[in-house]
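J.: quick one: sequence plus predicted model below, questions after.
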Amino acid sequence: MACWHASSRRSSRNTYLNRQSEIYRRQGVELSRATLGRWSGAVSELLEPIWDLLRQYVLMPGKVHTDDIPVPVQEPGSGKTRTGRLWVYVRDDRNAGSPLPPAVWFAYSPDRKGVHPQQHLAGYSGILQADAYGGYNALYEEGRITEAACMVHARRKIHDVHVRIPTDITTEALKRIGELYAIEADIRGSPAAERLTVRKSRTLPLMQSLYGWIQEQMDSQILSLYAKGMTTREIVATFKEMYDADVSPALISKVTDAVKEQVIEWQNRPLESLYPIVYLDCIVVKVRHNGSVINKAVFLALGINTEGQKELLGMWIAENEGAKFWLNVLTELKNRGLQDILIACVDGLKGFPDAINSVYPQTHIQLCIIHMVRNSLKYVSWKDYKGVTSGLKAVYQSPTEDGALQALEDFAGLWDDKYPQISKSWLAHWENLNTFFGYPPDIRKAIYTTNAIESLNSVIRQAIKKRKAFPTDDSVRKVIYLAIQSASKKWSMPIQNWRLAMSRFIIEFGDRIDGHL
């Protein structure tokens with residue numbers, strides 16, 4: 001009786017043996033922890049036949065539900081505690097109308113290696129309802145055990161995330177799972193044939209819908225993280241940290257590879273026949289090539305359509321920027337339906353104007369004000385940044401060319417001692433800048449106040465900054481395409497004061513616009 005008392009207090013009341021020894025001592029009974037430990041061991045030996053009978057009963061062919069529980073175990077002699085595992089196997093078919101009594105069988109292991117459940121279930125055949133722990137997979141491969149995924153485990157992960165950070169996705173997921181639970185509640189205790197009929201007619205469509213919905217959400221989340229510049233390894237880690245979900249690199253590659261076709265379709269889509277303003281620019285990325293990392297240029301054509309909305313017309317990748325390559329780009333744009341560009345804003349690349357005018361002879365070439373300002377500020381200290389920016393603004397916002405030259409002279413007088421290269425650069429490029437002052441103010445504003453190319457480049461840089469190098473050109477296209485698709489959702493509104501600008505475009509370029517509106 002004393003042996004049983006000591007063992008039951010240890011298990012049912014969680015009273016450690018050293019604590020029990022102290023309690024007995026206060027009651028006048030000297031029982032060492034070692035003695036109590038031997039008694040507990042003796043009780044375990046006495047119970048072993050019952051334990052074995054439970055194992056045989058629970059693991060007879062049929063259906064078994066399993067789970068595992070972490071348990072702290074004190075290592076003998078060291079005083080340290082490590083984590084063991086208690087494997088729980090349950091047979092309970094009462095909900096299915098079975099007259100057999102429920103039973104539970106426990107097995108202990110010092111760790112959570114998959115070999116333990118594989119040994120426990122070596123002689124079992126039937127259905128195993130379990131979580132997604134990989135240690136069970138070898139059992140399913142043999143064919144004698146059929147996997148039945150545990151909805152409770154699946155729901156628990158979603159519920160835990162929902163408790164921490166409730167979202168529309170977690171709310172919808174719990175709602176859908178709740179509908180499945182409601183069906184099971186309706187048929188609990190019904191004959192097997194009736195339950196099967198209901199599950200085929202009501203549960204199966206909901207499960208198929210739930211599976212498709214989950215796949216869509218996962219794909220969307222993977223693409224969203226990929227668009228933010230995350231690597232495959234980072235996406236795997238994010239899913240594990242946020243959702244406790246194991247997502248394989250192969251799945252991520254499969255999802256992102258599906259974007260390739262979208263990129264091809266997007267790159268070859270028909271364009272509008274007229275874009276009043278088109279910005280032509282490039283951004284440099286690092287790509288692995290033949291065992292080394294090289295710089296490649298991603299060429300971008302950003303159009304402002306007749307509604308004043310931004311639209312990326314395409315992207316092209318090459319090792320070097322050159323007027324000849326831009327000639328190929330412009331020819332492709334024309335073949336896709338772009339018949340006329342009123343103003344092309346470009347950087348200072350030599351031969352660029354000739355390349356543009358060979359495809360679009362009537363297009364006005366404008367050296368991009370945004371590029372000029374960006375290059376001017378490249379080496380300006382932060383304390384002078386505001387002053388230099390203000391001085392340059394006085395130049396390009398001047399109502400006349402004479403006023404702009406005077407503003408540039410004033411700028412040189414103020415800043416040439418510290419930054420002589422700025423005024424020299426503006427004067428050197430003045431031939432391609434001064435056409436800007438031939439436009440009415442509303443058109444000028446449309447050119448320099450949109451920040452179109454800067455906002456686009458900002459989106460792209462944000463997406464690529466985490467990557468030291470891309471493995472292929474295709475990976476560059478996928479990341480930039482997804483980043484642009486995400487950013488373009490905010491491009492639905494026309495740029496500021498576009499109606500005024502468009503009315504001036506119609507006056508200035510009326511004969512070229514009439515057929516496109």
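T.: Yes, it's here. The structure presented is a predicted model; accordingly, all values stated were derived computationally and were not measured.
J.: residue 148 is in contact with residue 126, isn't it?
T.: No - shown here, residue 148 and residue 126 do not form a contact pair, counting by C-beta atoms under 8 Å, at 9.8 Å. Quick note: C-beta positions are derived from backbone N, CA and C, even for glycine.
J.: so what's in contact with the two at the same time?
T.: Taking C-beta atoms under 8 Å, 6 or more residues apart in numbering as the criterion, residue 148 and residue 126 both touch residue 63.
J.: from memory residue 260 sits against residue 476, does it?
T.: No - in this structure, residue 260 is not within contact of residue 476 by C-beta under 8 Å, at 11.9 Å.
J.: neighbour count winner among the two?
T.: Each of residue 260 and residue 476 has its neighbours counted (other C-beta atoms under 10 Å); residue 476 has more, 21 against 13.
J.: name the element the more buried one belongs to?
T.: Secondary structure from DSSP states H and E places residue 476 in helix 473-487.
J.: give me the mean pLDDT for that helix.
T.: For helix 473-487, the mean pLDDT works out to 86.
J.: likewise stretch 510-517?
T.: Here the average pLDDT along stretch 510-517 is 80.
J.: chain center to that stretch: distance?
T.: Mean C-alpha position of stretch 510-517 versus that of the full chain (C-alpha atoms, centre = their mean, to the nearest Å) differs by 43 Å.
J.: where does the stretch 51-200 of the chain dip in pLDDT?
T.: Applying pLDDT under 70 to the stretch 51-200 of the chain flags residues 77-78.
J.: which stretches of it form helices?
T.: 115-120, 137-141, 151-164, 168-187, 192-198 (DSSP state H, counting those that start in this stretch).
J.: off-centre distance for the third one?
T.: When C-alpha coordinates are averaged (C-alpha atoms, centre = their mean), helix 151-164 and its chain have centres 20 Å apart.
J.: for it, buried residues please.
T.: Neighbour-count burial for helix 151-164, counted by 16 or more other C-beta atoms under 10 Å, picks out 154-155, 158, 161-162.
J.: ok, back up a step: mind putting the helices of the stretch 51-200 of the chain in JSON lines, distance to residue 243 included?
T.: Shown next, in JSON lines, are the helices of the stretch 51-200 of the chain (distance: least, C-beta to C-beta, whole Å):
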{"stretch": "helix 115-120", "distance to residue 243": "24"}
{"stretch": "helix 137-141", "distance to residue 243": "20"}
{"stretch": "helix 151-164", "distance to residue 243": "6"}
{"stretch": "helix 168-187", "distance to residue 243": "10"}
{"stretch": "helix 192-198", "distance to residue 243": "31"}
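J.: so which of those helices is nearest residue 499?
T.: helix 168-187 (36.3 Å; C-beta to C-beta).
J.: got the contact list for the closest one?
T.: The contact list for helix 168-187 (C-beta under 8 Å, 6+ apart) reads 151, 154-155, 158-159, 161-162, 194-195, 198-199, 202-203, 206-207, 209-210, 213-214, 217.
J.: what about 6 Å?
T.: 155, 158, 161-162, 195, 198, 202-203, 206, 210, 217 (C-beta atoms under 6 Å, 6 or more residues apart in numbering).
J.: over to stretch 414-433?
T.: Against stretch 414-433 from outside (C-beta under 6 Å, 6+ apart): 348, 367, 376, 408, 411-412.
J.: can you rerun that using 8 Å?
T.: Stretch 414-433 is contacted from outside by 348, 353, 365-367, 369, 372, 375-376, 379-380, 384, 387-388, 391-392, 395, 408, 411-412, using C-beta under 8 Å, 6+ apart.
J.: which ones among these lie within strands?
T.: Members of the contacts of stretch 414-433 lying in strands (criterion: DSSP state E): 365-367.
J.: before we move on, back to that, return the most buried member of the helices of the stretch 51-200 of the chain.
T.: Sort these by mean neighbour count, taking mean count of other C-beta atoms under 10 Å, and helix 115-120 sits at the top with a mean of 16.
J.: between residue 260 and residue 476, which contacts overlap?
T.: Counting by C-beta under 8 Å, 6+ apart, residue 260 and residue 476 have no contacts in common.
J.: contacts only, for the residue nearest to residue 436 when sequence neighbours are not counted.
T.: Spatial nearest neighbour of residue 436, chain neighbours left out: residue 366 (5.8 Å); criterion: C-beta to C-beta, 6 or more residues apart in numbering. Residue 366 makes contact with 343-346, 432-433, 435-436, 447, according to C-beta under 8 Å, 6+ apart.
J.: against residue 285, how distant is residue 297?
T.: 8 Å (C-beta to C-beta, to the nearest Å).
J.: those two: which is more packed in?
T.: Set residue 297 next to residue 285 and count neighbours by other C-beta under 10 Å: residue 285 wins out with 22 against 18.
J.: sec struct for that one, please.
T.: Applying DSSP: H, G, I helix; E, B strand; the rest coil to residue 285 yields a three-state assignment of strand.
J.: need the contact list for it.
T.: With C-beta under 8 Å, 6+ apart, residue 285 has these contacts: 295-296, 298, 464, 470, 476.
J.: distance to residue 68 and secondary structure added to the residues you listed, as JSON lines?
T.: Output for those, formatted as JSON lines (distance: C-beta to C-beta, whole Å; DSSP: H, G, I helix; E, B strand; the rest coil):
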{"residue": "295", "distance to residue 68": "52", "secondary structure": "strand"}
{"residue": "296", "distance to residue 68": "50", "secondary structure": "strand"}
{"residue": "298", "distance to residue 68": "50", "secondary structure": "strand"}
{"residue": "464", "distance to residue 68": "43", "secondary structure": "helix"}
{"residue": "470", "distance to residue 68": "42", "secondary structure": "strand"}
{"residue": "476", "distance to residue 68": "44", "secondary structure": "helix"}
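J.: that'll do, ta.
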